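[1] Here is a sequence with its predicted model. Questions after.
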Amino acid sequence: MSSSDQLILTFEAARHLDEEHARILGPRGRELLSLLDALGRVLAEPIHADRNIPPFPRATRDGYAVKSADVRTIPAHLQVAGEVKAGSAISDIPPLAGGHAIAMMTGAPVPEGADAVLMIEHTSRDGDRIEITKSVSEGENIVLAGAEGHKGDLLLQAGTKLDYAAIGVAAAVGRSRVLVYEKPKVAVLSTGDEVVDVDIPPAPHQIRNSNSYSLAAQIHAAGGEAVILPIAPDEPARLRELLAEAFDCDLVLIAGGVSMGKYDLVEQELAALKAEFFFTGAKIQPGKPVVFGRVVCGADIPVRQNSVNQKYFFGLPGNPVSTMVTFEIFAKTCLQALAGLALEPLRFVHAKLKTRIQTKTGLKRFLPAQLSGEFDSAEVELTHWQGSGDIASVARSNCYLVIPPDREQIEAGEWVPVLLR
Ligand code: AMP
Ligand code: MG
């Protein structure tokens with residue numbers, strides 16, 4: 001299609017295309033990092049158990065290792081034959097003989113011959129003898145060797161985000177360094193004659209560039225490395241020059257210049273680079289003029305060494321809330337794919353609407369909102385805002401309330417979908 005054609009899709013259709021293309025994107029290089037430096041990165045190798053987990057039958061309570069048959073009738077009396085603590089060497093632990101008990105600490109290896117651990121709370125001790133007031137069944141309070149994983153088992157797949165639990169698993173199997181995917185480089189190109197950088201005192205008619213910074217922050221949080229380019233004026237030649245530079249990155253995000261105005265030149269200049277457009281608008285608010293497409297590298301766009309020959313771009317509307325929302329619901333998916341993450345659907349939670357909403361039909365809305373209340377009584381209400389230029393309203397909110405396109409009003413108390421942020 002040419003840039004003048006309109007390709008405005010429903011949110012769902014646009015999202016479907018986004019996911020379809022994200023599925024064919026992947027990471028490029030890998031790097032070896034020390035474990036904590038890898039926090040938040042994407043694992044580029046599978047991690048296996050290097051031994052059984054736990055490596056020995058482990059007591060999960062403080063108490064006594066016993067033969068469960070010895071305490072079937074209560075009260076029972078047993079002779080204490082020793083003590084095992086966490087850290088006791090297995091070779092030093094004597095096997096348990098009938099009629100005896102061995103004092104156990106949580107985390108300690110269970111002696112051979114014992115098949116249960118009695119909780120200390122159900123015993124009373126007098127010298128070397130204990131009285132048992134509650135019987136215990138076979139296997140109780142013991143995690144058998146290998147119960148959580150056998151040597152060689154796959155514990156973390158490549159493509160897993162290294163969160164604190166994954167970091168814990170890697171540490172548990174002795175991985176002080178892990179291979180992760182390189183972060184994709186994401187170009188951020190803000191456009192607009194009125195836009196000036198943050199450290200320049202703006203003239204009364206000028207607007208400070210907030211989009212490049214909020215986008216860089218979103219890119220960082222999603223696992224990418226932002227490359228902020230100079231602000232592009234609403235002038236074709238310079239815009240084209242900066243676009244060509246932007247396509248040196250793995251993904252290109254352009255903010256502003258995608259609406260229908262005379263000086264909205266982004267689509268036109270992308271078309272001049274022979275871009276293929278998948279959509280040039282979505283029936284959403286904020287962010288309706290959002291654009292998604294790709295260019296083939298070659299004559300107009302240099303092909304970097306080891307680089308793929310197709311580069312994807314998003315044209316995000318310049319109103320700051322539109323820029324933020326369209327990144328979250330569209331651009332982030334492709335970025336995560338380039339970062340090596342397995343494709344994940346957008347996940348919505350549900351909460352009870354606190355205050356009635358009156359709106360217009362036709363667009364799916366993602367509006368800044370406040371989620372509050374305890375988990376089982378989650379409530380949500382719209383944040384007061386002045387429209388999609390109102391960045392501070394997003395800063396005051398903690399989620400986006402999603403309003404389907406066919407609802408004119410939603411009553412207080414109804415369950416509504418919420419996109420967390
Ligand atoms: P546009 O999408 O280019 O029509 O811009 C829509 C609105 O967003 C205008 O009011 C712009 O001034 C504002 N805007 C565009 N780019 C930026 C930016 N980088 N930072 C802050 N506001 C912007
Ligand atoms: Mg503009």
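    Done, it's in. Numbering: from 1, shown residues only. Ligands and ions are numbered 1, 2, ... in the order given.
[2] show me what contacts whatever residue of the stretch 301-421 of the chain ends up closest to ligand 1?
    Closest approach of the stretch 301-421 of the chain to ligand 1 (C-beta to the nearest ligand atom) occurs at residue 318, with a separation of 2.8 Å. Every residue, glycine included, has its C-beta placed from N, CA and C. By C-beta atoms under 8 Å, 6 or more residues apart in numbering, the residues touching residue 318 are 190, 191, 192, 195, 211, 255, 256, 257, 258, 259.
[3] Mind checking which of these are buried?
    For the contacts of residue 318, a neighbour count by 16 or more other C-beta atoms under 10 Å gives the buried set as 190, 191, 192, 195, 211, 255, 256, 257, 258, 259.
[4] Could you tell me how many residues sit around residue 88?
    Using other C-beta atoms under 10 Å, the number of residues around residue 88 comes to 16.
[5] what does residue 168 give?
    Residue neighbour count, defined by other C-beta under 10 Å, stands at 10 for residue 168.
[6] was I right about residue 44 contacting residue 183?
    No: the pair residue 44 / residue 183 is not scored as a contact, 11.6 Å apart, by C-beta atoms under 8 Å.
[7] Just want to know which of the two has more residues nearby.
    residue 183 (25 against 21).
[8] Does that one touch residue 339 like I think?
    Yes: using C-beta under 8 Å, residue 183 is in contact with residue 339, at 6.5 Å.
[9] so what sits against both of the two?
    Common contacts of residue 183 and residue 339 (C-beta under 8 Å, 6+ apart): 223, 224.
[10] Do me a favour and get the backbone dihedrals for the closest residue to ligand 2 within the stretch 51-200 of the chain.
    Nearest to ligand 2 in the stretch 51-200 of the chain, going by C-beta to the ion, is residue 192, at a distance of 3.7 Å. In terms of degrees, to the nearest 10, the main-chain angles of residue 192 are phi 140, psi 130.
[11] Residue 297 now?
    phi -70, psi 150.
[12] Just the C-alphas of stretch 230-237, formatted as CSV.
    Provided in CSV are the C-alpha atoms of stretch 230-237 (Å, rounded to 0.1, in the frame of the first residue of the first chain):
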residue,chain,number,x,y,z
PRO,A,230,18.3,14.2,17.5
ILE,A,231,14.8,15.7,17.2
ALA,A,232,13.6,15.6,13.6
PRO,A,233,12.1,18.8,12.3
ASP,A,234,8.9,18.6,10.2
GLU,A,235,11.0,18.8,7.1
PRO,A,236,11.4,15.9,4.6
ALA,A,237,15.1,15.9,3.8
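[13] Can you name the residues in contact with it?
    Stretch 230-237 is contacted from outside by 189-193, 195-197, 209, 212, 238-239, 242-243, 254, 257, 263-265, 268-269, using C-beta under 8 Å, 6+ apart.
[14] And for stretch 150-161?
    Here stretch 150-161 makes contact (C-beta under 8 Å, 6+ apart) with 40-53, 149, 166, 169-170, 173, 223, 340-342.
[15] Need phi/psi at residue 216.
    Per-residue torsions, residue 216: phi -60, psi -40 (degrees, to the nearest 10).
[16] mind listing what it touches?
    188, 226, 228.
[17] Kindly report the residues of the chain close to ligand 1.
    190, 192, 194-195, 207, 209-212, 255-257, 259, 264, 317-320, 389 (C-beta under 6 Å from any ligand atom).
[18] Please name the nearest non-neighbouring residue to residue 120.
    residue 63 (4.4 Å; C-beta to C-beta, 6 or more residues apart in numbering).
[19] for the contacts of residue 216, which one is nearest residue 373?
    Taking C-beta to C-beta as the measure, residue 373 lies nearest residue 226 of the contacts of residue 216, at 34.8 Å.
[20] so which helix or strand takes in that closest one?
    Taking DSSP states H and E as the definition, residue 226 sits inside strand 225-228.
[21] Could you pull out the buried residues of that strand?
    In strand 225-228, counting by 16+ other C-beta under 10 Å, buried: 226, 227, 228.
[22] What is the nearest of the buried ones among the contacts of residue 318 to residue 67?
    Nearest member of the buried ones among the contacts of residue 318 to residue 67, counting by C-beta to C-beta, is residue 211, at 70.2 Å.
[23] on that earlier part again, just curious, which of the contacts of residue 216 is nearest to residue 107?
    Among the contacts of residue 216, residue 226 lies closest to residue 107 (C-beta to C-beta), at 44.9 Å.
[24] how much space is there between the residue lying closest to residue 225 once chain neighbours are set aside and residue 219?
    Take residue 225 and drop its neighbours on the chain: the residue closest to it by C-beta to C-beta, 6+ apart is residue 183, 4.4 Å away. Residue 183 sits 9 Å away from residue 219, going by C-beta to C-beta, to the nearest Å.
[25] Name the residues contacting each of the two.
    Residues touching both residue 183 and residue 219 (C-beta under 8 Å, 6+ apart): residue 225.
[26] can you give me the helices in the stretch 251-400 of the chain?
    Here the stretch 251-400 of the chain has its helices, by DSSP state H, counting those that start in this stretch, at 266-272, 320-326, 332-338, 391-395.
[27] right, and residue 240 touches residue 271 too?
    No: Residue 240 is not in contact with residue 271 according to C-beta under 8 Å; the separation is 10.8 Å.
[28] Count residues in the vicinity of the closest residue to residue 55 other than its chain neighbours, would you?
    Counting by C-beta to C-beta, 6+ apart, residue 145 is the residue found nearest to residue 55 once chain neighbours are left out, at 6.3 Å. Per other C-beta under 10 Å, the neighbour tally for residue 145 reads 17.
[29] Am I right that residue 145 is in a strand?
    No: under the criterion used here (DSSP: H, G, I helix; E, B strand; the rest coil), residue 145 is coil, not part of a strand.
[30] For it, list the residues it contacts.
    Contact partners of residue 145, counting by C-beta under 8 Å, 6+ apart, are 52, 54, 55, 56, 57.
[31] Residue 14: what's it in contact with?
    Counting by C-beta under 8 Å, 6+ apart, residue 14 touches 279, 282, 284, 290, 292, 330.
[32] Need the buried ones from those residues selected in ChimeraX.
    Burial among these is assessed by 16+ other C-beta under 10 Å; the matching ChimeraX selection reads:
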select :279,282,284,290,292,330
